[in-house]
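>>> Need a 3D model of the following:
(one chain, ligands or ions: 2)
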Amino acid sequence: MQSVKIQRSASLKPKPQDESKLGFGKVFTDHMFTMNYSGEKGWHDPQIVPYESVSLDPAASCLHYGQLIFEGMKAYRTKENKIVMFRPEQNMMRLNTGGERLCIPPIDVDFMVGAIAELVRIEADWVPYSEGTSLYIRPFIFSDEAFLGVHPSGTYRLLVILSPVGSYYAEGLAPIRIHVEDVYVRAVKGGTGYAKAAGNYAASLSSQVAAQKEGFAQVLWLDGVERKYVEEVGAMNVFFVIEDEIVTPELGGSILAGITRASVIELLKHWGMNVTERRVSIGELEDAYKAGELKEAFGTGTAAVISPIGELNRGGNAMKLSDGKIGSISQKLYDELTGIQRCEKPDPFGWVYSVI
Ligand code: PLP
Ligand code: COI
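Residues are numbered from 1 along each chain as shown. Ligands and ions are numbered 1, 2, ... in the order given. You can find the predicted model right below:
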């Protein structure tokens, strides 16, 4: 296995003083991880270097054809002042799954988990202390060969940058309002929806901007063929509590296989609750709402954690949920998941990876 060369920054930046104002992804740490790929050498030259700008040829293929995938994961500070990550190997495996779809060469999962842990150790002082905060880890790979023909790049760069974060939504744990998107779609089966491909997020922006103008936090995407089945929200998977069933849209290639989603399903099963992965239409949700059977809805994601949904709005018709409060299942999941992530609760599934 290759060793990571470390070059420490000579001038360290001041850390954010007020952790309550961190927000999401606005401040970056002193160092980053970088590694290059070429056909001859494979992935090579892994280094931790001072955080700096990236220089690219204007013809670099990522700038034109978008060969770019990314991941999102977190490191947490525990009460005992240890630092841990949550299921990091899952993120690295997903980077390879998405990479395969975009012709991006695979990385060595174990090596990358170790390299990220090394970077987090170097930046340990940047991991915030307050409840609800963490160090967000953003690994990403982009193509950087200079050419204009449409074909896979011969060279790539992998970077990992770190950002101390608070909650993703301004609302924090307060329920968010979601707009059901009827006009545009984010992804279709056979497309790139299951990959964390940058282009998926570009495709989502105009709907998100329109929804935010109307006071919604994000949009709920429907399937690209019938505009009928629920898919996911901009940066999270979704769950609905209909009577005693907890249902989440099944994976079919157009939505992201969220690691929080998988963990929530495992927790609910562990508790003996009735959780199903199946197609769920917006009409079924509307009917359940009218019948008083739609009890709760929440999103799941690394950035969003468990995010209660207080309103689903389709064409001006609002489905108001849980009296604008966090529902009991959302709260239980939030407590359990964040408890495991911060080593305050037992970790029966072996999800926690110890960094320090
Ligand atoms: N769906 C989308 C589109 C996302 O960007 C994310 C965030 O990564 C998720 C779902 C949730 O995935 P995870 O739980 O792995 O963070
Ligand atoms: C995450 O939850 O890690 C994400 O990547 C979501 C978003 C910030 C794109």
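>>> Just the helices from this protein, written as ranges.
61-65, 88-101, 109-122, 198-213, 259-270, 282-290, 328-341 (DSSP state H).
>>> could you measure the residue of the chain found nearest ligand 2 against Gly224, distance?
Per C-beta to the nearest ligand atom, Gly72 is where the chain lies closest to ligand 2, at 1.9 Å. C-beta: built from backbone N, CA, C; applies to glycine. The span separating Gly72 from Gly224 equals 23 Å under the rule C-beta to C-beta, to the nearest Å.
>>> Residues of this protein that sit close to ligand 2?
Contacts of the chain with ligand 2, taken as C-beta under 6 Å from any ligand atom, map to Gly72, Ala235, Gly301, Thr302, Ala303.
>>> again, only this time at 8 Å
Within the chain, the residues that sit near ligand 2 (C-beta under 8 Å from any ligand atom) are 24-25, 70-74, 136, 138, 168, 196, 201, 234-236, 258, 260, 301-304.
>>> In strands only, show me these.
Mapping these onto strands (DSSP state E) picks out Phe70, Met73, Lys74, Tyr136, Arg138, Gly301.
>>> check contacts around the fourth one.
The reference is to Tyr136. If a contact means C-beta atoms under 8 Å, 6 or more residues apart in numbering, then Tyr136 has Phe24, Gly25, Gly72, Met73, Lys74, Leu162, Ser163, Pro164, Val165, Thr302, Ala303 as its contacts.
>>> how about the CA coordinates for stretch 275-292, as CSV?
In CSV, the C-alpha atoms belonging to stretch 275-292 read as follows (Å, rounded to 0.1, in the frame of the first residue of the first chain):
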residue,chain,number,x,y,z
VAL,A,275,-40.4,-0.9,7.5
THR,A,276,-40.8,-1.5,3.7
GLU,A,277,-38.9,-0.4,0.6
ARG,A,278,-41.5,-0.2,-2.2
ARG,A,279,-42.9,2.2,-4.8
VAL,A,280,-45.0,4.8,-3.1
SER,A,281,-47.0,7.2,-5.2
ILE,A,282,-47.8,10.8,-4.4
GLY,A,283,-51.5,9.9,-4.8
GLU,A,284,-51.2,7.2,-2.1
LEU,A,285,-49.7,9.8,0.2
GLU,A,286,-52.5,12.3,-0.6
ASP,A,287,-55.1,9.6,0.1
ALA,A,288,-53.4,8.5,3.3
TYR,A,289,-53.3,12.2,4.4
LYS,A,290,-57.0,12.7,3.7
ALA,A,291,-57.8,9.5,5.7
GLY,A,292,-55.7,10.8,8.6
